[in-house]
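K.L.:
can you look at this prediction? I've put the sequence above it.
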Amino acid sequence: QVQLVESGGGLVQPGGSLRLSCAASGRTFSTYSMGWFRQAPGKERESVAAISWSGVSTYYTDSVKGRFTISRDNAKNTVYLQMNSLKPEDTAVYYCAASPYGGPRGSENDYDYWGQGTQVTVSS
(Lines give C-alpha, C1' and ligand atoms only; values in the text may rest on other atoms or scores of the structure.)
Protein backbone atom coordinates (compact mmCIF):
# COMPACT_ATOMS: atom_id res chain seq x y z
CA GLN A 1 0.00 0.00 0.00
CA VAL A 2 1.29 3.45 -0.95
CA GLN A 3 -0.26 6.72 0.15
CA LEU A 4 0.58 9.86 -1.79
CA VAL A 5 0.24 13.50 -0.75
CA GLU A 6 0.90 16.33 -3.21
CA SER A 7 1.89 19.86 -2.29
CA GLY A 8 3.28 22.98 -3.91
CA GLY A 9 0.40 24.08 -6.08
CA GLY A 10 -0.86 27.65 -6.22
CA LEU A 11 -1.41 30.72 -8.33
CA VAL A 12 1.43 31.88 -10.57
CA GLN A 13 1.75 34.39 -13.39
CA PRO A 14 2.48 33.26 -16.94
CA GLY A 15 6.20 32.65 -17.33
CA GLY A 16 6.57 31.81 -13.67
CA SER A 17 7.67 28.63 -11.94
CA LEU A 18 6.34 26.18 -9.38
CA ARG A 19 7.71 23.00 -7.88
CA LEU A 20 5.26 20.29 -6.95
CA SER A 21 6.17 17.64 -4.41
CA CYS A 22 4.59 14.27 -3.80
CA ALA A 23 5.41 12.56 -0.52
CA ALA A 24 4.84 8.82 -0.37
CA SER A 25 4.34 6.58 2.61
CA GLY A 26 5.56 3.00 2.71
CA ARG A 27 8.95 1.37 2.53
CA THR A 28 8.47 0.18 -1.06
CA PHE A 29 8.46 3.63 -2.67
CA SER A 30 11.76 2.98 -4.44
CA THR A 31 10.30 -0.01 -6.29
CA TYR A 32 7.55 2.06 -7.95
CA SER A 33 7.77 4.20 -11.02
CA MET A 34 6.02 7.51 -10.48
CA GLY A 35 4.00 9.79 -12.66
CA TRP A 36 2.40 13.21 -12.70
CA PHE A 37 -0.97 13.72 -14.36
CA ARG A 38 -3.21 16.73 -14.68
CA GLN A 39 -6.87 17.43 -15.31
CA ALA A 40 -8.17 20.77 -16.50
CA PRO A 41 -11.84 21.74 -16.14
CA GLY A 42 -13.96 19.97 -18.73
CA LYS A 43 -11.06 17.88 -19.98
CA GLU A 44 -9.87 14.35 -19.47
CA ARG A 45 -6.95 13.62 -17.20
CA GLU A 46 -3.69 13.49 -19.11
CA SER A 47 -0.18 12.26 -18.43
CA VAL A 48 2.40 15.00 -17.87
CA ALA A 49 5.61 13.22 -16.88
CA ALA A 50 6.85 9.94 -15.44
CA ILE A 51 10.04 8.58 -13.95
CA SER A 52 11.39 5.07 -13.48
CA TRP A 53 11.98 3.57 -10.05
CA SER A 54 15.70 4.34 -10.32
CA GLY A 55 15.23 7.85 -11.66
CA VAL A 56 17.29 7.08 -14.74
CA SER A 57 14.46 7.03 -17.28
CA THR A 58 11.88 9.73 -17.75
CA TYR A 59 8.91 10.49 -19.97
CA TYR A 60 7.28 13.83 -20.83
CA THR A 61 4.25 14.70 -22.85
CA ASP A 62 5.14 16.93 -25.80
CA SER A 63 3.48 20.05 -24.46
CA VAL A 64 5.78 20.24 -21.40
CA LYS A 65 9.10 19.08 -22.86
CA GLY A 66 11.82 21.60 -22.14
CA ARG A 67 9.73 23.33 -19.45
CA PHE A 68 8.99 20.64 -16.84
CA THR A 69 11.41 18.33 -15.06
CA ILE A 70 10.47 15.28 -13.04
CA SER A 71 12.84 13.94 -10.40
CA ARG A 72 12.76 11.75 -7.33
CA ASP A 73 14.59 11.28 -4.06
CA ASN A 74 14.12 7.71 -2.90
CA ALA A 75 15.77 8.45 0.44
CA LYS A 76 13.00 10.98 1.12
CA ASN A 77 10.19 8.99 -0.53
CA THR A 78 9.42 12.05 -2.64
CA VAL A 79 8.91 12.81 -6.31
CA TYR A 80 9.05 16.33 -7.70
CA LEU A 81 7.78 18.19 -10.71
CA GLN A 82 9.66 21.40 -11.48
CA MET A 83 7.53 23.54 -13.76
CA ASN A 84 9.09 26.51 -15.53
CA SER A 85 7.80 28.94 -18.16
CA LEU A 86 4.27 28.21 -17.09
CA LYS A 87 1.41 28.98 -19.46
CA PRO A 88 -2.30 29.52 -18.81
CA GLU A 89 -2.98 26.18 -20.51
CA ASP A 90 -1.00 24.47 -17.73
CA THR A 91 -3.82 25.35 -15.33
CA ALA A 92 -5.19 22.11 -13.89
CA VAL A 93 -5.35 19.89 -10.87
CA TYR A 94 -2.10 17.95 -10.75
CA TYR A 95 -1.98 14.40 -9.42
CA CYS A 96 0.92 12.13 -8.64
CA ALA A 97 0.58 8.39 -9.01
CA ALA A 98 2.58 5.24 -8.33
CA SER A 99 2.97 2.32 -10.72
CA PRO A 100 4.32 -1.14 -9.89
CA TYR A 101 6.06 -1.21 -13.25
CA GLY A 102 9.73 -0.29 -13.26
CA GLY A 103 9.86 2.02 -16.26
CA PRO A 104 8.12 5.37 -16.75
CA ARG A 105 4.49 4.93 -17.80
CA GLY A 106 2.27 7.32 -19.71
CA SER A 107 -1.04 5.51 -19.27
CA GLU A 108 -3.06 6.07 -16.13
CA ASN A 109 -4.19 2.44 -16.40
CA ASP A 110 -0.68 1.41 -15.30
CA TYR A 111 -0.95 3.23 -11.96
CA ASP A 112 -2.35 1.71 -8.80
CA TYR A 113 -2.12 4.55 -6.29
CA TRP A 114 -3.13 8.20 -6.60
CA GLY A 115 -2.82 11.34 -4.55
CA GLN A 116 -5.66 13.76 -3.89
CA GLY A 117 -4.33 16.41 -6.28
CA THR A 118 -3.06 19.96 -5.99
CA GLN A 119 -4.40 22.94 -7.93
CA VAL A 120 -2.11 24.89 -10.24
CA THR A 121 -3.48 28.11 -11.70
CA VAL A 122 -1.51 30.15 -14.22
CA SER A 123 -3.05 33.57 -14.65
CA SER A 124 -2.13 37.23 -14.69
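P.N.:
Cool, the structure landed.
K.L.:
residue 21: how many residues sit nearby?
P.N.:
Residues contacting residue 21 under the criterion other CB atoms under 10 Å number 17. Placement of C-beta: from N, CA and C, glycine included.
K.L.:
and for residue 90?
P.N.:
Residue 90 has 22 nearby residues by other CB under 10 Å.
K.L.:
list the beta-bridge partners for the closest residue to it other than its chain neighbours.
P.N.:
Spatially, and ignoring its direct neighbours in sequence, residue 90 is nearest to residue 122 (5.1 Å; CB to CB, 6 or more residues apart in numbering). Under DSSP bridges, the beta-bridge partners of residue 122 are residue 12.
K.L.:
show me where this structure has strands.
P.N.:
4-7, 10-12, 18-24, 33-39, 46-51, 58-60, 68-73, 78-83, 92-99, 113-114, 118-122 (DSSP state E).
K.L.:
packing partners for the shortest one?
P.N.:
Put plainly, it is strand 113-114. strand 92-99 (3 or more CB pairs under 8 Å, 6 or more residues apart in numbering; DSSP states H and E).
K.L.:
can you list the strands that the strand it packs on pairs with?
P.N.:
strand 33-39 (antiparallel), strand 113-114 (antiparallel), strand 118-122 (antiparallel).
K.L.:
quick one: mean pLDDT for it?
P.N.:
The average pLDDT for strand 92-99 rounds to 97.
K.L.:
give me the angle between it and strand 18-24.
P.N.:
In terms of direction (axes from the mean of the first three to the mean of the last three CA atoms, to 10 degrees), strand 92-99 departs from strand 18-24 by 40 degrees.
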